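[1] Okay, structure incoming, though there's no sequence with it:
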């Protein structure tokens, strides 16, 4: 490496450094301590045989599957940050140095493939989180775990704080922190390429295609055309697309029917964990939690959309103005703060929804729902139908609605309340340990900041090295991405409002 390269590398490191304060260090240490405690008690729970996978298979199977799920979730989350941030970069800049990153980009940035990836990826996130839930969520809340008091067990295991902490830190935030700045290095491997192909296959299967129907309806209502890089569908392509939409609607209807009937009959995990909740209230709470997920998914889209608008156009009601005032106050640190707190809230809601959709019907007893086979009943007991419902009705649909009507989301008083809650959760520092682990991962994997390879966005503009592609019109959940080689909110407070506009 030349002296000039060393200088560029050192400059990149300096631009991303976070200034440590006693309070920051305290939050790092406390968060890592919370993470270690969470891992220990969830591991101990598995070896009591009191999780579904541990009971149906073996505690070691539950542990191994949970670890693999966390690892894959980290790639799914990190890959999104990379693929959403790389389109403005000319692929020839990294074609020779990072051939697998180039292969990822060549597939993802062709036509509307990035949108397809984001659609499939969203379902994969829900599916993996539901798998983690089945591996690490207690079946019987009365079973002893390490002699812990009932109150501690209730908070960390029954409500799921332990699962939330290690899922957010290990499976999401750590990888997002690194992948958002080291996009080129992060997906330069076959694991990322496999994940991309898997997400594309999930979208191709048509399970989520009812989301496209919702997209078309919202486009007609809002008057905003659906942006695409491909010619209009015709002939077989048209029939195959809408055939999958109909299939998706049928799957969604079945999943809803199974979940609603099971809840009203008291045949879900929520009836075991929280016996004081009557079936009718459980049904109401399911849709409340899905609405919270939907609001948080939509808020992310709306916030990044209005960040590009003049301040006078960002809110047209009392709560809309209050939301914008809080979100963009000071040097903009509340925008990334919301993203962190939002992640905690969404994952918490995912785990709660998992309890509402996991069935407790014993196969072979003659009580199978809708008279399905014992094998089908055993599958439904894992609650994966909840992943279908949540992805379509509590995630993608709300993202599409927020994209069509961002100001309406801002004016909603619930938006302001959820923003305050998300900022409070971020302030607690529950997930601050992600920055420590991100630095450790960067050192072990020898990741380099993107500007080391391709320069900053300003340098690429000066040298006319930007790509002309317009790809990716769906945003997807989780981290929304930013320009490769730029400073980002995940490092800490952004210096100015102009930087917020650039990052959005």
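    Structure's in. What do you need? From a predicted model like this one, the values you see are computed outputs, not experimental measurements.
[2] In this structure residue 179 contacts residue 86, no?
    No: assessed by Cβ atoms under 8 Å, residue 179 is found out of contact with residue 86, at 10.5 Å. Just so you know, the C-beta spots here come from the backbone N, C-alpha and C atoms, and that holds for glycine as well.
[3] Any regions of the stretch 1-150 of the chain where pLDDT drops low?
    The model of the stretch 1-150 of the chain has pLDDT under 70 over residues 1-19.
[4] before we move on, what about the chain?
    1-19, 307-316, 330-333, 456-504.
[5] what about the longest helix in it?
    helix 235-264 (DSSP state H).
[6] Could you name the helices and strands sitting against the helix or strand following that one?
    Sequence-wise, the next helix or strand downstream of helix 235-264 (DSSP states H and E) is helix 269-273. Judged by 3 or more Cβ pairs under 8 Å, 6 or more residues apart in numbering; DSSP states H and E, helix 269-273 is in contact with helix 279-306, helix 334-357.
[7] try 7 Å
    Counting contacts by 3 or more Cβ pairs under 7 Å, 6 or more residues apart in numbering; DSSP states H and E, helix 269-273 packs against helix 334-357.
[8] Just after the helix it packs on, pick out the following helix or strand.
    Assigned by DSSP H and E, the successor of helix 334-357 is helix 374-380.
[9] buried ones in that following helix?
    377-378, 380 (16 or more other Cβ atoms under 10 Å).
[10] Same list (the residues you listed) but as TSV, adding distance to residue 49.
    Output for the buried residues of helix 374-380, formatted as TSV (distance: Cβ to Cβ, whole Å):
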residue	distance to residue 49
377	21
378	17
380	22
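[11] Out of those residues, which is nearest to residue 203?
    For the buried residues of helix 374-380, the closest approach to residue 203 (Cβ to Cβ) belongs to residue 380, at 23.4 Å.
[12] Which residues are in contact with the nearest residue to residue 418 once chain neighbours are set aside?
    Spatial nearest neighbour of residue 418, chain neighbours left out: residue 295 (5.7 Å); criterion: Cβ to Cβ, 6 or more residues apart in numbering. Contact partners of residue 295, counting by Cβ atoms under 7 Å, 6 or more residues apart in numbering, are 398, 414-415, 418.
[13] Going along the chain from whichever strand or helix holds residue 100, find the next helix or strand for me.
    Using DSSP H and E, residue 100 sits in helix 99-108. The helix or strand immediately downstream of helix 99-108 is helix 113-136, counting by DSSP H and E.
[14] roughly how far out does that next one sit from the chain middle?
    Centroid displacement of helix 113-136 relative to its chain, using Cα atoms, centre = their mean, to the nearest Å, is 8 Å.
[15] Tell me the helices and strands packed up against it.
    When contacts are defined as 3+ Cβ pairs under 7 Å, 6+ apart, helix 113-136 packs onto helix 22-46, helix 52-56, helix 59-85, helix 99-108, helix 161-168, helix 190-205, helix 334-357, helix 385-391.
[16] what's downstream of that helix, the next helix or strand?
    Next helix or strand after helix 113-136 toward the C-terminus (DSSP H and E): helix 150-153.
[17] Same question for that following helix: list its buried residues.
    Buried, per 16+ other Cβ under 10 Å, within helix 150-153: residue 153.
[18] Equivalent analysis for stretch 138-147, please.
    Neighbour count says stretch 138-147 has 138-139, 141, 145 buried, by 16+ other Cβ under 10 Å.
[19] Can you give the distance from it to the centre of its chain?
    Mean-position distance between stretch 138-147 and its chain equals 29 Å (Cα atoms, centre = their mean).
[20] Kindly report the same for stretch 124-139.
    Taking Cα atoms, centre = their mean, the mean C-alpha location of stretch 124-139 is offset from the chain mean by 14 Å.
[21] who's in contact with it?
    Contacts with stretch 124-139, where a contact means Cβ under 7 Å, 6+ apart, come from 42, 45-46, 50-53, 55, 62, 65-66, 69-70, 72-73, 76, 157-158, 160, 163, 167, 198-199, 202, 272, 347, 350-351, 354-355, 382-384, 386-387, 390-391, 477-478.
[22] sorry, back to before: relative to residue 341, which of the buried residues of stretch 138-147 is nearest.
    Nearest to residue 341 among these: residue 138, at 25.9 Å, using Cβ to Cβ.
[23] so that closest one bridges to which residues?
    residue 51 (DSSP bridges).
[24] From residue 41, how far out is it?
    For residue 138, the distance to residue 41 equals 10 Å [Cβ to Cβ, to the nearest Å].
[25] Ok, residue 422 next?
    26 Å.
[26] And the two? Which one has more around it.
    Ranked by neighbour count (other Cβ atoms under 10 Å), residue 422 and residue 41 place residue 422 first, with 23 against 20.
[27] what residues are up against that one?
    Counting by Cβ under 7 Å, 6+ apart, residue 422 touches 338, 341-342, 345.
[28] now residue 87, what's its secondary structure?
    Following DSSP: H, G, I helix; E, B strand; the rest coil, the label given to residue 87 is coil.
[29] ok, it touching residue 108?
    No: judged on Cβ atoms under 7 Å, residue 87 makes no contact with residue 108 at a distance of 8.6 Å.
[30] for the contacts of residue 422, which one is nearest residue 440?
    For the contacts of residue 422, the residue nearest residue 440 by Cβ to Cβ is residue 341; the value is 23.5 Å.
[31] In the helix holding residue 100, which residues are buried?
    Using 16+ other Cβ under 10 Å as the test for burial, helix 99-108 gives 101-105, 107-108.
[32] what's next to it, contact-wise?
    83, 86, 91, 94-95, 113-114, 117, 184, 187-190, 192-193, 196.
[33] Is it possible to mark the buried ones in those residues?
    Listed as buried from the contacts of helix 99-108 are 83, 86, 91, 94, 113-114, 117, 184, 187-189, 192-193, 196; burial here means 16+ other Cβ under 10 Å.
[34] what comes up buried for stretch 132-139?
    By neighbour count on 16+ other Cβ under 10 Å, the buried set for stretch 132-139 is 132-139.
[35] Adding distance to residue 263, write the residues you listed out as JSON lines.
    Listed next are the buried residues of stretch 132-139 as JSON lines, based on distance: Cβ to Cβ, whole Å:
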{"residue": "132", "distance to residue 263": "22"}
{"residue": "133", "distance to residue 263": "17"}
{"residue": "134", "distance to residue 263": "18"}
{"residue": "135", "distance to residue 263": "23"}
{"residue": "136", "distance to residue 263": "22"}
{"residue": "137", "distance to residue 263": "17"}
{"residue": "138", "distance to residue 263": "19"}
{"residue": "139", "distance to residue 263": "17"}
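[36] Pick out whichever of these sits closest to residue 264.
    Of all the buried residues of stretch 132-139, the one with the least separation from residue 264 (Cβ to Cβ) is residue 139, at 21.0 Å.
[37] circling back to that earlier point, determine which of the helices and strands packed on helix 113-136 approaches residue 257 most closely.
    Distance to residue 257, taken as Cβ to Cβ, is lowest for helix 385-391 among these, at 9.4 Å.
[38] Contact partners for the nearest residue to residue 372 once chain neighbours are set aside?
    Nearest residue to residue 372 in three dimensions, chain neighbours excluded: residue 380, at 7.1 Å (Cβ to Cβ, 6+ apart). By Cβ under 7 Å, 6+ apart, residue 380 lies in contact with 258, 359, 369.
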